[in-house]
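>>> Structure here, sequence nowhere to be found:
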């Protein structure tokens with residue numbers, strides 16, 4: 001498919017598909033990044049793009065490729081103006097981190113599948129480092145005050161309503177025999193949370209089997225949900241509950257009524273969230289402004305007519 005873009009992408013003397021403030025976007029850059037986007041699209045969707053059937057998707061990926069490369073050029077240009085320098089050591093450290101996730105054979109296969117050379121991957125890493133450094137520098141003075149936090153809390157009160165329900169815990173094992181043995185230990189007075197940490201195969205085991213608040217609207221498999229709804233606070237299922245995941249022993253804890261979470265409980269986290277949102281909004285607006293002011297030339301349509 002990419003051979004279609006290599007031929008006829010541009011009829012300029014230099015093999016480029018566009019410019020950003022006088023800096024070229026080469027056909028090589030374009031084809032490499034398009035291959036990269038195609039790889040991740042196919043990976044995420046579990047499909048293989050077809051030149052004829054998926055032309056609309058391919059066109060979208062082509063436009064995204066050009067937009068990404070425009071932004072990349074702008075980021076590099078702004079980093080230079082702001083005195084941001086990315087060292088080879090920084091790039092190498094991040095590249096090593098990527099490589100450590102794969103065997104040597106799988107790493108080479110990854111590059112091939114993405115249609116990239118290692119040098120092109122290093123350029124992407126450099127861009128990511130520049131993006132983070134530029135953002136950090138530009139938003140350093142962007143802050144949010146207490147009044148803004150309070151205003152947001154008051155205007156969005158509905159999202160801070162906590163539904164009522166019962167605190168629920170469980171122990172999950174593979175066989176009914178294991179579950180019955182654990183039930184016997186509970187009848188003898190063993191601690192539920194301790195048994196969950198020791199025997200449960202669910203990730204909740206590290207929290208003593210705690211699944212959080214449970215109510216009629218909770219999203220659990222039918223067998224588990226039906227059994228849990230029958231429990232009163234403090235009760236434990238008398239028999240193992242079988243589901244597609246294995247065998248559960250379920251315990252109901254204290255009941256909690258629905259409430260609006262007080263600002264005092266969430267103020268610190270809310271401040272951090274709103275502060276980060278404001279910084280991102282500022283940075284995105286900054287980048288959009290740079291793109292609007294940039295001298296961008298797109299020569300992808302300058303293709304020779306077909307015979």
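Okay, I see it. Keep in mind it's a predicted model, so treat the numbers as computed, not measured.

>>> Could you use CA atoms for every contact and neighbour count after this?
OK.

>>> just the strands in this structure please.
Using DSSP state E, the strands of the chain run over 16-20, 23-26, 161-162, 165-173, 210-214, 241-243, 246-256, 259-260, 296-298.

>>> closest one to residue 142 among those?
Each of those was scored for nearness to residue 142 using CA to CA, and the closest is strand 16-20 (28.3 Å).

>>> Give the rounded mean pLDDT of the closest one.
For strand 16-20, mean pLDDT rounds to 94.

>>> helices or strands next to that strand in the packing?
In terms of contacts (3 or more CA pairs under 8 Å, 6 or more residues apart in numbering; DSSP states H and E), strand 16-20 is packed against strand 23-26, helix 27-45, helix 55-81, strand 296-298.

>>> Could you check the angle the longest one makes with helix 27-45?
Looking back up the chat, that one is helix 55-81. Computed by axes from the mean of the first three to the mean of the last three CA atoms, to 10 degrees, the angle separating helix 55-81 from helix 27-45 equals 120 degrees.

>>> Using JSON lines, please lay out the helices and strands packed on strand 16-20 together with mean pLDDT, distance to residue 215 and mean neighbour count.
Converted to JSON lines, the helices and strands packed on strand 16-20 look like this (pLDDT from 0 to 100; distance: least, CA to CA, whole Å; neighbours: other CA atoms under 10 Å):
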{"stretch": "strand 23-26", "mean pLDDT": "94", "distance to residue 215": "55", "mean neighbour count": "18"}
{"stretch": "helix 27-45", "mean pLDDT": "93", "distance to residue 215": "33", "mean neighbour count": "18"}
{"stretch": "helix 55-81", "mean pLDDT": "95", "distance to residue 215": "42", "mean neighbour count": "16"}
{"stretch": "strand 296-298", "mean pLDDT": "95", "distance to residue 215": "55", "mean neighbour count": "16"}
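
>>> export these to JSON lines and tack on distance to residue 284?
Output for the helices and strands packed on strand 16-20, formatted as JSON lines (distance: least, CA to CA, whole Å):
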{"stretch": "strand 23-26", "distance to residue 284": "22"}
{"stretch": "helix 27-45", "distance to residue 284": "21"}
{"stretch": "helix 55-81", "distance to residue 284": "11"}
{"stretch": "strand 296-298", "distance to residue 284": "18"}
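
>>> and residue 101, which of the ones you listed is closest to it?
The closest of the helices and strands packed on strand 16-20 to residue 101 is helix 27-45. By CA to CA, the value is 17.2 Å.

>>> hmm, back to that, between the strands of the chain, which gets the lowest average pLDDT?
Among the strands of the chain, strand 161-162 carries the lowest mean pLDDT (a mean of 88).

>>> partners of that strand, with directions?
Applying DSSP bridges to the sheet, strand 161-162 is found paired with strand 259-260 (antiparallel).

>>> related to what we said a few turns ago, ok, and which of the strands of the chain has the densest surroundings?
Of all these, strand 165-173 has the most neighbours on average by mean count of other CA atoms under 10 Å, namely a mean of 23.
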